[in-house]
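coordinates for the following, if possible.
(chains A and B)
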Amino acid sequence: MEEKPSKVSLKSSDRQGSDEESVHSDTRDLWTTTTLSLAQLNMPLSEVCEGFDEEGRNISKTRGWHSPGRGSLDEGYKASHKPEELDEHALVELELHRGTSMEINLGEKDTASQIEAEKSSSMSSLNIAKHMPHRAYWAEQQSRLPLPLMELMENEALEILTKALRSYQLGIGRDHFLTKELQRYIEGLKKRRSKRLYVN
Amino acid sequence: MRLKQGSFLWYLYLDKIYCLLSVRNVKALAEYFHILDVHGKNTLNDVLFYHFLHHVTDLKKAQINIVFDMLDWNAVGEIGFEKFYMLVCMLLAHQNHLEGQFMYRHSRPVFDLLDLKGDLRIGAKNFEMYRFLFNIQKQELKDLFHDFDITGDNRLNYQEFKLYTIIYIDKLQKRQKTEEKEKGERKRSLYSKCHIKQIQAERVSWKKMESESTEREH
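Presented below is the predicted three-dimensional model:
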């Protein structure tokens, strides 16, 4: 199927049947909020993620950050890795990388606006360097789906799979390995759901 | 064919021009598919597929089986994520009345789906079986074959099908334009009627005031 990048607006007014949207707007609002907050960082995802491996561990040197109002976030961050000073060299590399990416993006624009953009990008990169833990948080947020959406998906999948289990039992019997596999899977899904509800 | 309100798919929506999901929506859909993939094969078998479609739409069992046979190109009894994604796009296009746009934008994949025998032709019978997916009425289908079967073999090749989608979308756009024009005219006429009534009411009140003042003078 042909796929072109398109600006898909998350405006609920574009959808037909808009009367029911206000009732079900929570999930979308969360989705939108995540997108908007990421846009404010003005930072491509590749740069945000380059300092972290798949498990979210910090593989580059970072500056320590402490804020009185963010206890739990700091604790979680400290638990996963030790805060370290950001190298001047790493900072310079970051700025250079941002500079080149900005050049590519701007293309044919005026040099004056280009210079201004580079200045602002270098400023924002310095600001981002100050708030490294937040980068990890937003990187994680960008790759994760909102929890209400996950809950909706899991609840619906549970209903579907429970009905499928009955069909399996009638069709291939309770002792078939596929039936048992499905049964175990459903139990695992229920446990995960109850854990999440218990935590909440 | 309607999506169940409040189901996960109900919250997804297509880009109205290209009739595709955004990357975020695809990511969410992939996660949903992964949750339904009980046996860890990155596929849904016919039972899981049936229960999924039965849960999220109002399709009947026969229709669901037809859809499964259509998507299961290789006849392996399982549907992978690509086919699943295409199905979801078709469902959302139907839900949002974008069937014509969807067929126009993705004429090749749609043609390949409807070409059950793989002989690069769509027969009238096959199209009849699947017309519920694209909201095509019986008479419309007859007209389609009558107008676009240029080769006269009672089957559509890809060029004929593509021509049909182009003309369909052209007609749709013209119809939308005339509807918008009519709406605008109705609004204007309503406004002018209200305006005339208001003027008449003002005139009446003005006349009353004049007559009262002349009576007082006398």
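
give me the residue from chain B nearest chain A.
For chain B, the residue closest to chain A is B:Ser22, as judged by Cβ to the nearest Cβ, at 3.7 Å. All C-beta atoms are positioned from the backbone trio N, CA, C, and that covers glycine.

wait, that residue sits on B:Asp15?
Yes - if you go by Cβ atoms under 8 Å, B:Ser22 and B:Asp15 touch, sitting 6.9 Å apart.

buried ones in the helix or strand where B:Met90 lies?
Assigned by DSSP states H and E, B:Met90 belongs to helix B:81-95. Within helix B:81-95, the residues scored as buried using 16 or more other Cβ atoms under 10 Å in any protein chain shown are B:81, B:83-95.

could you export those residues as a markdown table, including distance to chain A and pLDDT?
Compiled in a markdown table, these are given as follows (distance: Cβ to the nearest Cβ, whole Å; pLDDT from 0 to 100):
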| residue | distance to chain A | pLDDT |
| --- | --- | --- |
| B:Phe81 | 12 | 95 |
| B:Lys83 | 11 | 93 |
| B:Phe84 | 12 | 95 |
| B:Tyr85 | 8 | 94 |
| B:Met86 | 7 | 93 |
| B:Leu87 | 12 | 94 |
| B:Val88 | 12 | 94 |
| B:Cys89 | 8 | 93 |
| B:Met90 | 11 | 92 |
| B:Leu91 | 14 | 93 |
| B:Leu92 | 10 | 93 |
| B:Ala93 | 12 | 92 |
| B:His94 | 12 | 90 |
| B:Gln95 | 8 | 90 |
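
now do the helices in chain B.
For chain B, the helices defined by DSSP state H cover B:23-36, B:46-56, B:61-71, B:81-95, B:99-105, B:107-114, B:124-130, B:138-148, B:158-217.

quick check: which of these is buried the most?
Of those, the one with the most neighbours on average (mean count of other Cβ atoms under 10 Å in any protein chain shown) is helix B:99-105, at a mean of 22.

other SSEs contacting that helix?
If you count contacts as 3 or more Cβ pairs under 8 Å, 6 or more residues apart in numbering or on different chains; DSSP states H and E, helix B:99-105 packs onto helix B:81-95, helix B:158-217.

lowest average pLDDT across those helices?
Of all those, the minimum mean pLDDT falls on helix B:158-217 (a mean of 84).

which elements pack onto it?
Counting contacts by 3+ Cβ pairs under 8 Å, 6+ apart, helix B:158-217 packs against helix B:99-105, helix B:107-114, helix B:138-148.

now for B:Phe113: which residues touch it?
Actually, residue B:113 is Leu. It isn't Phe. B:Leu113 sits next to B:70-71, B:86, B:130 when contact means Cβ atoms under 8 Å, 6 or more residues apart in numbering or on different chains.

do the same with B:Thr43
B:37, B:78-80.

which one of those has the most neighbours?
In terms of neighbours by other Cβ atoms under 10 Å in any protein chain shown, those top out with B:Ile79 at 23 neighbours.

could I get the buried residues of helix B:81-95 in a markdown table, plus columns for distance to B:Arg188?
Shown next, in a markdown table, are the buried residues of helix B:81-95 (distance: Cβ to Cβ, whole Å):
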| residue | distance to B:Arg188 |
| --- | --- |
| B:Phe81 | 51 |
| B:Lys83 | 49 |
| B:Phe84 | 48 |
| B:Tyr85 | 45 |
| B:Met86 | 44 |
| B:Leu87 | 44 |
| B:Val88 | 42 |
| B:Cys89 | 39 |
| B:Met90 | 39 |
| B:Leu91 | 39 |
| B:Leu92 | 35 |
| B:Ala93 | 34 |
| B:His94 | 35 |
| B:Gln95 | 33 |
